[in-house]
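K.L.:
build me a structure from this.
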Amino acid sequence: MTCTSPGRLLALSSTLALGLASQTASAAPIAESRIVREPPAAVLRGAPPEPGTPGQRLSAERQRTSGSQPEVFYDLKVRYVDGKIYNPETGQNDAVRLRAYAGEAADPQTPTPYVAPKVELWPGETFRLTLHNELPTDDSSCPHGEHDHNVPHCFNNTNIHTHGLWVSPSGNSDNVHLKIPPQTTFQYEFNVPADHPAGTFWYHSHLHGTTALQVSSGMAGPLIIRGDRLPQAKDDGSLHPGDLDTLLVAPNGRPFRERTLLFQQIAYACRDQDGAIKREADGKWLCAAGDVGGIERYDQFGIVPRGDGTLATLWSTSGRRTAINGLVEPYVVDAKAGSVERWRLIHAGVRDSIRLSFRKLDPAQASAAPGKSRLARQRFIEKACTGAPLAQFAVAGDGLTRSAVSQRDSTVLQPGYREDLLMIFPEAGTYCIVDETLRPEQSVNHESYPRELLGYVEVKGSAAGQNPETLLRQALETAARARMPQGKVRNQVLADLADGLKLGAFTPHEPVADTEITGNRTLGFQIVLAPGQAPSFEVGKIDFSSGEPEPFESAPYNQEAVQRQLTLGAVEEWKLTSFSFGHPFHIHVNPFQILSVKDAEGNEVSGAPDPDASGIPSQYANMRGTWRDTLFVQDDHLITIRSRYRRYTGDFVLHCHILDHEDQGMMQNVRISQMGSGEDGGSGHQH
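P.N.:
Below is the predicted model of the structure:
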């Protein structure tokens, strides 16, 4: 087989298999089938004028209507979808049949059926989402009679979660306790408050016992809240924050070029006549000609023993690769050197940590090929992706604007994370998108892995010699002078930008002061391993009485009880740790502020980055003071966060965002009520 040049690919007929795009043609255009497209924009509609008639199609660029609550309608189907996924281990396409979301989209010809349509909403809108579960009735994965609800089951039941949205968890809103059986239609009503922050969010299935299987199949999509609110001066001289969108504008009045990238780990497998996963001699999963891959069992998740007695994850041994907007090892094209772009990154995967960097491809290696095996690709990166890592400018985490731009040369994405980066490619050429090495304890898989090639960026134009930070500062200052209200607001925004690229006029949440705290809580994750027994995935509290954190009241998920009773209006400080491996902590409804992260030696690691002896900085660098809804809890670290319980009452969950851990019990029920008990506990929760 002739190898493909990473700099250019031969343009092919759309009828050719993607795997044939491996012929050397260093000056040829890139094949359309290898180009990353934006997730297709969902076609949203307004309220129908009469019952039974279609609503008016709405533009994604519609403006927020002040003082009103417009209704937005959308129909989304859950069904099996046949498609193909490129497998670089073989250089061929694998046929797959996976559960996926399907809805009317502005680009119905998108080649990535396992990326759900991108929904764009405005604060103050009521989003009426009708979910049609068109999956077949499934008895095979549904236990009969009594069963353990922490054993994955009933894989064709579903629901939907708007990850990170500040909306009600009750009724037909963001209620993950709802179950929508096969052949059932249900309408959700998400009332997005008028003061909801603009930012990058996402939606995915979230029914306990099915979550990992469905999300890993591609049942996930971007959810963007737009905003046009400018900062406003208050009577006390401070500023009422505006939307960052109003600052990220080019001199021509248009928003910076946006790219929405959904990272997924689609863990499909093909099976033999006995139902066992087909494997190569080295353990990699095999799909032969005529096979159709799928995700139908939970033996496609979790960990397995190696021959040397250590553990490995099924994801790392499978040979499957992280996809970007449904494509494996694709090209991002049409970037312009020296221009500012907004990259909205969403980790919608289940089982892999990503440390993202961009490195210039050595032109002398333009005719080389990355190879098929992981080792060959690692050697290719070392030989060809030799440029220094580009500067990345982070402006938001989990959809919430930072108080200042965070400059780094890599971005760690754990499952559930979102990061908004402002990217400036300094010169034309091809750039490698690299998943850099993490130490085992920094990864959700708790295992070391080599650098991996995720894809490429093609950049045109010329901006050689121009410093990206200088270009960014100039772009933001130009936007501030043109867009911000004259007087105090404009002066403050410009002063903040000059003082370390601060974004205080656009941060949606005030820091939680010591004087606000009304209570304290603890939370610890652990996996209990007992000889001859299945692992127990547990959440509990932390006991500090011995001087060292110890598990306390740790247990698997009990769907009939409320483990956390909270009071509306309370402001609490939580301490988090993990007693076995690392786990991404995610809580629904209300975000939290990071106060402190201390490593096993008691060192604070959430401030300015300080690379350790291995050269890999803490993943918590520059996180102190930021707001998030998902945070990786590295084992033997002690994390302090604070949260306000505002506006919404009802029942929801907190859980580990390694979703097969959640399905197997690493989750708790949370209830916010007008008169909470003030202590964790309670019973009588019904689904």
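K.L.:
low-scoring pLDDT stretches of the stretch 501-650 of the chain, where are they?
P.N.:
Residue ranges of the stretch 501-650 of the chain with pLDDT under 70: 611-614.
K.L.:
what's the answer for the chain, then?
P.N.:
Scanning the chain for pLDDT under 70 picks out the ranges 1-28, 63-69, 108-111, 144-146, 306-310, 611-614, 676-687.
K.L.:
can you list the buried residues in the lengthiest strand in it?
P.N.:
Using DSSP state E, we find that the single longest strand of the chain is strand 71-87. For strand 71-87, a neighbour-count test (16 or more other CB atoms under 10 Å) marks 71-78, 81, 83-87 as buried. Any C-beta I mention is one placed from the backbone N, CA and C, and that applies to glycine too.
K.L.:
adjacent strands (with direction) for it?
P.N.:
Strand 71-87 pairs in its sheet with strand 45-46 (antiparallel), strand 92-103 (antiparallel), strand 126-133 (parallel), by DSSP bridges.
K.L.:
any idea which of those strands is most buried?
P.N.:
strand 92-103 (a mean of 21; mean count of other CB atoms under 10 Å).
K.L.:
give the pairing partners of the following helix or strand past that strand; include direction for each.
P.N.:
Counting by DSSP states H and E, the next helix or strand C-terminal to strand 92-103 is strand 119-121. Take DSSP bridges as the rule and strand 119-121 pairs in its sheet with strand 220-225 (parallel).
K.L.:
next helix or strand past the partner strand?
P.N.:
Note on strand 220-225: by DSSP H and E, the next helix or strand toward the C-terminus is strand 232-233.
K.L.:
got the contact list for that next one?
P.N.:
Strand 232-233 has contacts (CB atoms under 8 Å, 6 or more residues apart in numbering) with 239-240, 242, 485, 487-489.
K.L.:
and if you look at stretch 127-145?
P.N.:
For stretch 127-145, the external contacting residues (CB under 8 Å, 6+ apart) are 71-80, 99, 119, 121, 151-160, 180-192, 296.
K.L.:
and that stretch, how far out from the chain middle?
P.N.:
24 Å (CA atoms, centre = their mean, to the nearest Å).
K.L.:
circling back to that earlier point, redo the contacts of strand 232-233 as CSV? Include secondary structure, distance to Glu560 and neighbour count.
P.N.:
Converted to CSV, the contacts of strand 232-233 look like this (DSSP: H, G, I helix; E, B strand; the rest coil; distance: CB to CB, whole Å; neighbours: other CB atoms under 10 Å):
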residue, secondary structure, distance to Glu560, neighbour count
Leu239, strand, 47, 17
His240, strand, 44, 12
Gly242, coil, 45, 25
Pro485, coil, 54, 13
Gly487, coil, 58, 9
Lys488, helix, 55, 16
Val489, helix, 52, 19
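K.L.:
with distance to Lys460 added, can I get those residues in JSON lines?
P.N.:
Output for those, formatted as JSON lines (distance: CB to CB, whole Å):
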{"residue": "Leu239", "distance to Lys460": "39"}
{"residue": "His240", "distance to Lys460": "40"}
{"residue": "Gly242", "distance to Lys460": "33"}
{"residue": "Pro485", "distance to Lys460": "36"}
{"residue": "Gly487", "distance to Lys460": "40"}
{"residue": "Lys488", "distance to Lys460": "41"}
{"residue": "Val489", "distance to Lys460": "36"}
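K.L.:
re earlier: for Arg408, find the nearest of the strands paired with strand 71-87.
P.N.:
strand 92-103 (32.6 Å; CB to CB).
K.L.:
tell me the one of the contacts of strand 232-233 nearest Tyr114?
P.N.:
Distance to Tyr114, by CB to CB, is smallest for Gly242 among the contacts of strand 232-233, at 35.9 Å.
K.L.:
tell me if I'm right that that closest one and Leu503 touch.
P.N.:
No - checked against CB atoms under 8 Å, the pair Gly242 and Leu503 is beyond contact range at 10.3 Å.
K.L.:
from the contacts of strand 232-233, pick the one nearest Glu452.
P.N.:
Nearest to Glu452 among those: Gly242, at 38.7 Å, using CB to CB.
K.L.:
mind listing what the closest one touches?
P.N.:
By CB under 8 Å, 6+ apart, the residues touching Gly242 are 227, 229-232, 505-506.
K.L.:
if you set the cut-off to 6 Å instead, what comes out?
P.N.:
Counting by CB atoms under 6 Å, 6 or more residues apart in numbering, Gly242 touches 229-231, 506.
K.L.:
Throw those into a markdown table and include distance to Gly582 and neighbour count, thanks.
P.N.:
Listed next are those as a markdown table, based on distance: CB to CB, whole Å; neighbours: other CB atoms under 10 Å:
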| residue | distance to Gly582 | neighbour count |
| --- | --- | --- |
| Arg229 | 37 | 19 |
| Leu230 | 40 | 19 |
| Pro231 | 38 | 22 |
| Phe506 | 31 | 28 |
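K.L.:
please convert those residues to TSV, extending it with distance to Ala312.
P.N.:
Output for the contacts of Gly242, formatted as TSV (distance: CB to CB, whole Å):
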residue	distance to Ala312
Arg229	48
Leu230	52
Pro231	50
Phe506	43
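K.L.:
contacting residues for Asp575?
P.N.:
Quick fix: residue 575 is Lys, not Asp. The contact partners of Lys575, taken as CB under 6 Å, 6+ apart, are 522, 640.
K.L.:
so where do the helices sit in this protein?
P.N.:
Secondary structure of the chain (DSSP state H): helices at 211-216, 314-318, 374-384, 468-483, 488-498, 659-663.
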